[in-house]
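Visitor: sequence isn't available, so here's the structure alone:
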């Protein structure tokens, strides 16, 4: 201060500024504390600033709130009560805006996380689906393989119409449509196959050689097919899965000129239809 | 320290008192007749955008308060209390902004709740599927 008195001349120019500051000082002297209510707003703001989830999520709004609170904390004379409460109102709303803005941002950030979790769940769902499809396919393959194996046992041949099992003429006595009494392992294998695959239908077709009239052969081939059908139904295969027809000598598979050829032509074919 | 400089300060204090009076008169003159048009406009705009953002649904109390403050501000203009009008207009604006901010929060939480429900439903389905296997 002694130094100040020594420099009074230089201070003459700064008089207006000094006047203002003095005015402020005198105001302080009459009302040195912050207005009522500013403490509450400050506490609210401090709580928000110390909230680890919210404080970083509304920086701009928090800065505005900080400025508003600082303004509200400025001491005012008793005569300025209206201004004091106005500043507190403004500061309070600014703090609330900062809080709401941060809460919105928090919700959005959590949403991104939630989306990731959901994506994870979806991924798991898809993986399981894929696994199941894989297992189903494997099962389908194994059942298909099983069917192929059984058809191979029946010595079935693959044709355009499906698998064809040929039962030779040894099943029947000459000129007879009666199945021989002796059990036929090939027919029993067919029963077992049809039991295993209840959706499969079978066409039973009778064929003959060219010995005798066409009419006779036609009738005989149908009767033999019917005999096979009867055998199958007696063993539990439902009749509506089976159809019997006779082709007589029309569809020979070998020459009727030789005994061996004629024997090949006397047959019953079971066509296991394709699905 | 104060004692040595007091005579000089007293001289300056009397001068500054005079200056303060002049300043006070000037400030008083400037603020009397003009209505706070800018603040009123800002308040109306803030209220309008609050209404546009569905504040009626999500922050009805804040929106009502903003409208009330604006009405009070308009009344203050009528009774030529421009200082009050200015403050009320500022308050109307800030509380309308709060309505907007709280509406955004409500909407964001609503979306999250929906997502949570979806995720729960998905998890449930997954568990059901798991049980089938």
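Guide: That came in fine, so what should we check first? It should be emphasised that the depicted structure is a prediction, and the values quoted were computed from it without experimental measurement.

Visitor: ok, the nearest residue to residue A:37 once chain neighbours are set aside to chain B distance?
Guide: Computed as CB to CB, 6 or more residues apart in numbering or on different chains, the closest residue to residue A:37 that is not its neighbour in sequence is residue A:88, at 4.5 Å. The C-beta positions use only the backbone N, C-alpha and C, and glycine is treated the same way. Here residue A:88 is placed at a distance of 11 Å from chain B (CB to the nearest CB, to the nearest Å).

Visitor: how deep is residue B:56 tucked in, by neighbour count?
Guide: 14 (other CB atoms under 10 Å in any protein chain shown).

Visitor: tell me which element it is part of?
Guide: Using DSSP states H and E, residue B:56 falls within helix B:55-58.

Visitor: what lies in contact with that helix?
Guide: Residues from elsewhere that reach helix B:55-58 (CB atoms under 8 Å, 6 or more residues apart in numbering or on different chains): B:62-63, B:96, B:99-100, B:102-103, B:106-107.

Visitor: out of those, which touch chain A?
Guide: residue B:102 (CB under 8 Å from any CB of the partner chain).

Visitor: can you name the residue of the stretch 101-250 of chain A nearest chain B?
Guide: residue A:107 (3.7 Å; CB to the nearest CB).

Visitor: so who does that residue touch?
Guide: Residue A:107 is in contact with B:105, B:108-109, B:111-112, counting by CB under 8 Å, 6+ apart.

Visitor: please check those residues and keep the buried ones.
Guide: B:105, B:108-109, B:112 (16 or more other CB atoms under 10 Å in any protein chain shown).

Visitor: dump the residues you listed into a markdown table; add secondary structure as well.
Guide: Shown next, in a markdown table, are the buried ones among the contacts of residue A:107 (DSSP: H, G, I helix; E, B strand; the rest coil):
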| residue | secondary structure |
| --- | --- |
| B:105 | helix |
| B:108 | helix |
| B:109 | helix |
| B:112 | helix |
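
Visitor: closest to chain A out of those?
Guide: residue B:108 (3.7 Å).

Visitor: where does that closest one land on pLDDT?
Guide: pLDDT for residue B:108: 93.

Visitor: likewise for residue B:17?
Guide: On the pLDDT scale, residue B:17 gets 66.

Visitor: and residue B:2, by the same measure?
Guide: 45.

Visitor: likewise residue A:116?
Guide: So residue A:116 comes in at 78 (pLDDT).

Visitor: contacting residues around it?
Guide: Per CB under 8 Å, 6+ apart, neighbours of residue A:116: none.

Visitor: that older thread, and which of the contacts of helix B:55-58 is nearest chain A?
Guide: The closest of the contacts of helix B:55-58, once distances to chain A are taken by CB to the nearest CB, is residue B:102, at 4.8 Å.

Visitor: run a quick neighbour tally on that closest one.
Guide: Count around residue B:102 with other CB under 10 Å applied: 24.

Visitor: and if you look at residue A:261?
Guide: If we define neighbours as other CB under 10 Å, then residue A:261 has 15 of them.
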